[in-house]
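Engineer: Fold the following for me, if possible:
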Amino acid sequence: MKIIRPNTVLDTGAMTRGSTGTFVGSNGLVQTAAIDAIRINYNPLTLAITGALKEAAATNRLLYSEQFDDAAWTKASTTVTANSAASPDGATTADTIVEVAATAAHLASQNVTITAGTTNTFSVYAKAGVSTRVQIFIDDGSGNGCHATFNLTAGTVTQSANMGTGTGVVATIVAGAVTAWWELTISGVIAPASTTLRHGIVCVNSATPGFSPSYLGVVTNTVFVWGAQSETGAAATSYIPTTTAAVTRSADVVTGSGLVYTSVPEADFALWEAATAYVVGNRVIRTVAGTHSIYQRLVNGTTATAPESDVVNWVRIAPTNRWGMFDQSVSTLTTVATSMTYVLAAGRVNGLALLALDAEKVTISMTANSTIVYSASLDLVGNNAVGDWYQYFYEPVYSVTDVVVLNLLDAALLNIPAYGDGVLTVTISKASGNVALGALVVGLVADLGDTQYQPTVSITDYSKKATDAFGTTVITKLNYSKRLSASTSVKNTAIDNVANLMAQYRSTPLVWVGADNLYTSLIVYGFYKDWGITVDNSTFSTLKLEIEGLT
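Structural biologist: Below you'll find the predicted structure:
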């Protein structure tokens, strides 16, 4: 039995950035976000959401990063045709590079000044022309450097190597969009005494070339290139366009805590206005900090007092749709068409629960220390066991309604209890129709012991059934709450900790997970009605629990 102790989700979270920044949009194209605008990134090939970008500041030191015809790029035995192909941002700014002689020459290169001994990364977007292989390299001009050759058709690295005193890092290739663009990346520490590095792009023909590869040496040997970047560090960050000078993208900075961004609008009704004459039954919303509620008018007229402070003229009906999932009730749904995304600065968390869920797919990612530390995609449809052909053809297809993730923490990375600066992105979606979520709970996980066999799960139904004098029964379908009775085996060395936890979280809604990754029916969001520990022997004890769920 595990529990998730919820963090309160406040409305004070925000993400700021002092410059524009690029990201891959839902259409698979590189786009530019305005200053302070959050960047929700997508996989350019699958178009699956990968989460909110939170990056440290970075500088692209290359000049004219997408204009390879400029004199800043040294060409050898090549010609460049500018703006000759569609580029990863959807414009026509990609350049064609054509090799015109069978000489051991780089197609295009540029020198940049660096800090000696630092790790540097070179990245560039490329697409196959007549040649399907392209090599990128970093060196100091004297043979010390690192390089990698990529197959742009298959999207694989065919070689990476260390050269001279340079320390090469295995290169990576990031799948491009459906138009076959690929983002190529290589990094390394090259010649620690050097302060100038050359960044180059070469068309190659050999399947296993060395640092001096074989060249086609014909005018039909072409590749398309766009968006080159040189920066400090061992991994490429989002693309930073440049022209006459190096450009720095500011860091993404999270301030406050709680909800940073959501795609769900807060427009259930009109905002309350003091000067408006309302009539009984009119509804308004209040979106000020700590409120986010729907109010209904009780008395005709106007009042200058805000609804949350005026119980004579207004009554609170419910949270706004945007905030429905955070009200400690699984029956208050947040509902929107097709998909919803929430980004949270949730504090120290390593557990998450999605309850009363109506969706087909869930994508979860967490960024900490400017690195994606957790990413998962869950298919919620068709997970039920099919017993026979009749069920296969005639029974409805059910979706998973409750999901818990108890391993957001990756201890192998940071070896700390949880990520203090984690930014969590949750997206739920379906192909058509509305998606809905009753509760999004994030917090720290605690283990109460191993759940024993014979747990009992049930519901309390609050529906009303009334029969009149003529025998007619009217049923009013209302909410229900889950109940869970279970016993767990607790090591005696943990008795005091478990007892202290139970005392600390009395009358506190928690997410109780009866069987991790097994039975979602044993997930209950509520509080314990009763508990007791029996010391069975010198090694193990039994914790008996009665859990009462929230409606």
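
Engineer: Which elements pack onto the helix or strand that contains T335?
Structural biologist: Here T335 sits within strand 334-345, counting by DSSP states H and E. Applying 3 or more CB pairs under 8 Å, 6 or more residues apart in numbering; DSSP states H and E, one finds that strand 334-345 contacts strand 49-52, strand 258-262, strand 423-447. C-beta here means a position set from N, CA and C on the backbone, and glycine is covered the same way.

Engineer: now for those strands, which one comes closest to D268?
Structural biologist: strand 258-262 (13.9 Å; CB to CB).

Engineer: Output the contacting helices and strands for the very next helix or strand once past that closest one.
Structural biologist: Counting by DSSP H and E, the element after strand 258-262 in chain order, helix or strand, is strand 283-286. In this structure, strand 283-286 makes packing contacts with strand 293-297, judged by 3+ CB pairs under 8 Å, 6+ apart.

Engineer: Can you tell me the SS state at L63?
Structural biologist: Assigned by DSSP: H, G, I helix; E, B strand; the rest coil, the conformation of L63 is coil.

Engineer: go on, A180?
Structural biologist: Assignment for A180 (three-state DSSP): coil.

Engineer: ok, it - contacts?
Structural biologist: 127-128, 152-153 (CB atoms under 8 Å, 6 or more residues apart in numbering).

Engineer: Quick check: it vs V30, distance?
Structural biologist: Noted for A180: a distance of 15 Å to V30, by CB to CB, to the nearest Å.

Engineer: same question, A246
Structural biologist: Shown here: A246 relative to V30, a distance of 19 Å by CB to CB.

Engineer: Could you pull up the mean pLDDT of stretch 252-266?
Structural biologist: For stretch 252-266, mean pLDDT rounds to 93.

Engineer: got it, and stretch 228-242?
Structural biologist: The average pLDDT within stretch 228-242 is 93.

Engineer: Then stretch 76-83?
Structural biologist: Computed over stretch 76-83, the average pLDDT equals 86.

Engineer: now the helices and strands packed on strand 334-345 as CSV including distance to S26 and mean neighbour count?
Structural biologist: Below are these laid out as CSV (distance: least, CB to CB, whole Å; neighbours: other CB atoms under 10 Å):
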stretch, distance to S26, mean neighbour count
strand 49-52, 8, 23
strand 258-262, 15, 20
strand 423-447, 11, 21
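
Engineer: now those in TSV, with distance to T363?
Structural biologist: Listed next are the helices and strands packed on strand 334-345 as TSV, based on distance: least, CB to CB, whole Å:
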stretch	distance to T363
strand 49-52	5
strand 258-262	15
strand 423-447	5
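
Engineer: what's the closest of those strands to Q229?
Structural biologist: strand 49-52 (19.0 Å).

Engineer: Parallel or antiparallel, list what pairs with that closest one.
Structural biologist: Partners of strand 49-52 in the sheet, by DSSP bridges, are strand 40-42 (antiparallel).

Engineer: residue contacts, the residue lying closest to Q67 once chain neighbours are set aside?
Structural biologist: Using CB to CB, 6 or more residues apart in numbering and skipping the chain neighbours, the partner closest in space to Q67 is A82 (6.5 Å). By CB under 8 Å, 6+ apart, the contact list for A82 reads 67-69, 95.

Engineer: how does this protein divide into domains?
Structural biologist: 59-249, 267-319, 448-551 (automatic domain parsing).

Engineer: follow-up on the earlier one: what's the spacing between the strand holding T335 and its chain's center?
Structural biologist: The chain centroid and the centroid of strand 334-345 are separated by 12 Å, computed with CA atoms, centre = their mean, to the nearest Å.

Engineer: from now on call the first residue 2
Structural biologist: Got it, first residue is 2 now, which makes that one strand 335-346.

Engineer: Give the buried residues for that strand.
Structural biologist: By neighbour count on 16 or more other CB atoms under 10 Å, the buried set for strand 335-346 is 335, 337, 340-346.

Engineer: Just the closest of the residues you listed to I524, please.
Structural biologist: Closest to I524, out of all of the buried residues of strand 335-346 and judged by CB to CB, is T335, at 18.6 Å.
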